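my questions are about this predicted structure, shown below with the sequence.
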Amino acid sequence: MINWKVFFAEFIGTFALVFIGAGAGVAGAGLIGVALAHGLTLMVFAYVFGYISGTHVNPAVTWAFLWNGTLKWGEAAVYWVAQFVGAISAAGLLHLFASAMGSSINAGATVGVMTESQPILAMVAEAVMTFFLINTILHTAVAGKGGPMTGAAIGMTLTAAILVGGPLTGASLNPARTLGTAIYTAPSLANVYTYVIYLFGPLIGSTAALLAYNFFNASEEPKAVSMEAAPERTAKKTVARKPAPKAKK
């Protein structure tokens, strides 16, 4: 059965991420502006819908939660459908607005200098940046180490990744983010490297982050068992014996 609360939370969150993030590019906000638009949007919605769906708004994040055992395949499918529909809807509305202004959403596409010239390196770049993002999510949100700063940590990680990777690949880190705008502009959906870079790259980075998380949280040595916690291992208490009755004379 579909959890509609999760579906709409992921739909709205992904819609906002793409509409505001790509919209900042269309508005000519520059690299810093685009990075902050994405990061701040993710941070805000992490607090808004985190208690409902966890605010994945990214198929690569859902991928990590699936293989971490948090989600089942059916539940992950709901996340993915909501994320892709939200991204496509946001890009479509942004395209409509841009066209009405005599412009286009080309500046909102997730492409960089390596997208066409060095697709394999571009895939590696997407994987590395996605690793950083998922690593932050796992160690703050999942492990519960972030406290009230969890949303800020995740949002700022995305901002930092875009500042570095924006010129290289567009710093998508998010297959839904790329597909949404690619329907109306670049990268070409007919080019196999689009999927190599912007689908496989984030999934590889997500998988690597999960493996690293499991490594850091694995117990290297068995913990010493408290004697009080394991009564079956404690020495038996010596029971005082009653003196044997004396033989009658």
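Thanks, I have the structure now.

what's the distance between the closest residue to residue 107 other than its chain neighbours and residue 10?
Leaving aside its sequence neighbours, residue 107 sits nearest to residue 25 (CB to CB, 6 or more residues apart in numbering; 4.2 Å). The C-beta positions use only the backbone N, C-alpha and C, and glycine is treated the same way. For residue 25, the distance to residue 10 (CB to CB, to the nearest Å) stands at 23 Å.

more crowded one of those two?
In terms of neighbours (other CB atoms under 10 Å), residue 10 is the more surrounded of residue 25 and residue 10; the figures are 31 against 24.

residue 201: what's it in contact with?
122, 123, 124, 125, 126, 127, 130 (CB atoms under 8 Å, 6 or more residues apart in numbering).

7 Å instead?
Residues near residue 201 by CB atoms under 7 Å, 6 or more residues apart in numbering: 123, 126, 127, 130.

now the second one: phi and psi?
Yep, that's residue 126 we're talking about. Dihedral pair for residue 126: phi -60, psi -40, per degrees, to the nearest 10.

isn't it right next to residue 170, touching?
No. With contact defined as CB atoms under 7 Å, residue 126 does not count as touching residue 170 (9.1 Å).

which one of these two has more residues nearby?
More crowded of residue 126 and residue 170, by other CB under 10 Å: residue 126, with 35 against 29.

quick one: that one from residue 134, how far?
To residue 134, residue 126 is 12 Å away according to CB to CB.

residues shared between the contacts of those two?
With CB under 7 Å, 6+ apart as the test, residue 126 and residue 134 both reach residue 205.

residue ranges for the helices of the chain, please.
4-26, 30-53, 59-67, 73-100, 114-117, 119-137, 150-169, 175-182, 192-195, 201-216 (DSSP state H).

quick revisit: which one of the contacts of residue 201 sits closest to residue 81?
Using CB to CB, residue 130 is the member of the contacts of residue 201 that sits closest to residue 81, with 20.6 Å.

show me what contacts that closest one?
Listed by CB under 7 Å, 6+ apart, the contact set of residue 130 reads 60, 173, 201, 202, 205, 206.

which ones are touching the spatially most central residue of the chain?
Computing the C-alpha centroid of the chain and ranking residues by CA atoms, centre = their mean puts residue 61 first, at 3.0 Å. Residue 61 makes contacts with 134, 137, as judged by CB under 7 Å, 6+ apart.

so what's it scoring on pLDDT?
As predicted, residue 61 sits at a pLDDT of 98.

same thing with residue 140?
You'll see residue 140 listed with a pLDDT of 96.

that one and residue 153, how far apart?
Residue 140 sits 5 Å away from residue 153, going by CB to CB.

so residue 123 touches residue 195, yeah?
No. Using CB under 7 Å, residue 123 is not in contact with residue 195, being 9.8 Å away.

and the contacts of residue 130 as CSV, adding distance to residue 35?
Below are the contacts of residue 130 laid out as CSV (distance: CB to CB, whole Å):
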residue, distance to residue 35
60, 18
173, 12
201, 19
202, 17
205, 18
206, 20
